[in-house]
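Participant: here is my input, please return the structure:
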Amino acid sequence: MGLRQDGLDPLFENLFEKLNYVFAFIFNVEMILKLIGLDNQYFYSSWNIFDMIVVFSGDAGIILKFVSSGSSFSSAATVVRAFRIMRIVRLVRSQPDVKIILDTLVNIVPQITNFITLMFLLLFIYAALGINLFSGIHL
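Facilitator: The predicted structure follows:
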């Protein structure tokens, strides 16, 4: 049993796929129980809505995986499956310090967009200058 081209052992790939199904089931059960228990109050919390989006994207990724085996939907399935990474953000709720840092980061992004744009412009100018100055040099 050798490694594939991407370096992942088929045994581990099978294990990770099964764990994905287990966690998707657990997250679905959690969402359903919260919907039953909280009723309309469920939609008043932005974290619950975020959880619902993550669960639906995970379900869509699993459905697209089964539907798109070898078809043109495979790239769309890969994009939707990338949302599984957002499950990690769900853990932020249990850590108040990390939640404060994340909330601060979200609140600061609009204020630093001008700075980020200026830094990108500066990087672009230096890249263009470097291309113009060093394009004729042959090693």
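
Participant: where does the closest residue to residue 43 other than its chain neighbours fall, secondary structure wise?
Facilitator: Leaving aside its sequence neighbours, residue 43 sits nearest to residue 49 (Cβ to Cβ, 6 or more residues apart in numbering; 6.5 Å). Using the backbone N, CA and C atoms, a C-beta is placed for each residue, glycine as well. Using DSSP states H and E, residue 49 falls within helix 46-67.

Participant: now for that helix, which elements pack on it?
Facilitator: helix 10-38, helix 74-81, helix 87-90 (3 or more Cβ pairs under 8 Å, 6 or more residues apart in numbering; DSSP states H and E).

Participant: buried ones in it, by neighbour count?
Facilitator: 48, 51, 52, 54, 55, 57, 58, 61, 62, 64, 65 (16 or more other Cβ atoms under 10 Å).

Participant: hang on, isn't the fourth one packed against residue 30?
Facilitator: No - under the contact definition of Cβ atoms under 8 Å, residue 54 does not touch residue 30, with a separation of 10.9 Å.

Participant: related to what we said a few turns ago, which one of the helices and strands packed on helix 46-67 lies closest to residue 133?
Facilitator: Each of the helices and strands packed on helix 46-67 has some distance to residue 133 by Cβ to Cβ; the shortest is helix 74-81, at 39.2 Å.

Participant: break this protein down into its structural domains.
Facilitator: 1-93, 95-139 (automatic domain parsing).

Participant: mind putting these into CSV with mean pLDDT?
Facilitator: Below are these laid out as CSV (pLDDT from 0 to 100):
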stretch, mean pLDDT
domain 1-93, 78
domain 95-139, 88
